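>>> need coordinates for the below:
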Amino acid sequence: MLTFIWAQDKDGYIGKDNTMPWRLPADLQHFKKETNGHTIVMGRKTYESIGKALPNRETIVLTRDTNYTLPDAKVVHSKEAVLELATGENVFITGGAEIYRLFLGDADALIVTHVEANCGGDTRFPAIQWSDWKLTRRVDGVRDVKNDLDFWYGWYEKIGE
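I've put the predicted structure just below:
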């Protein structure tokens, strides 16, 4: 099962200068809770923006660079290689935009943090047909001193699957 997980603002922005255009520690904890113990797939730029593989997760990095190696993650060079490794597991696609675009037709579920602000950025989530997805669960985030924007988490399932 392929699950996309990401955060986006009201305009669909997911990144700016290879980082997130907001600071929401609660969302990072949510990401950790959802992906802990599972396989995560990301592109090279996303991996490099984090700087290391995340603990308690098998990390797969997809890149076109056939000379790219990492000491703490599996490096693959094709969508097919990811799908082979993902057989029978709940695998999380974690970005960036090119990786989401590549796997969009293969996604079974979505977990989205909806940031209720216009934060701007330079990278948007690829165009998605929201009518193909059903919101199955919604949890409002808590705005506080550390999380100074309104946000909510949405879990979606593909309609007709």
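
>>> quick one, phi psi at the residue nearest the centre of the chain?
Closest to where the C-alpha atoms of the chain average out (CA atoms, centre = their mean) is Thr94, at 2.8 Å. When read as degrees, to the nearest 10, the backbone of Thr94 gives phi -120, psi 10.

>>> what comes into contact with stretch 92-108?
1-6, 14-15, 31, 34-35, 38-43, 45-46, 62, 79, 82-83, 123-126, 128, 157-158, 161 (CB atoms under 8 Å, 6 or more residues apart in numbering). C-beta: built from backbone N, CA, C; applies to glycine.

>>> ends of it, how far apart?
By CA to CA, to the nearest Å, the extent of stretch 92-108 from end to end equals 10 Å.

>>> report the buried residues of it.
92-100, 102-104, 107 (16 or more other CB atoms under 10 Å).

>>> same question, stretch 150-161
Those would be 151, 153, 155-156, for stretch 150-161 by 16+ other CB under 10 Å.

>>> same list (these) but as JSON lines, adding distance to Thr19, pLDDT and secondary structure.
Written out in JSON lines, the entries for the buried residues of stretch 150-161 read as follows (distance: CB to CB, whole Å; pLDDT from 0 to 100; DSSP: H, G, I helix; E, B strand; the rest coil):
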{"residue": "Phe151", "distance to Thr19": "17", "pLDDT": "98", "secondary structure": "strand"}
{"residue": "Tyr153", "distance to Thr19": "21", "pLDDT": "98", "secondary structure": "strand"}
{"residue": "Trp155", "distance to Thr19": "25", "pLDDT": "98", "secondary structure": "strand"}
{"residue": "Tyr156", "distance to Thr19": "25", "pLDDT": "98", "secondary structure": "strand"}
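
>>> between those residues, which sits nearest Thr66?
Nearest to Thr66 among those: Tyr156, at 34.8 Å, using CB to CB.
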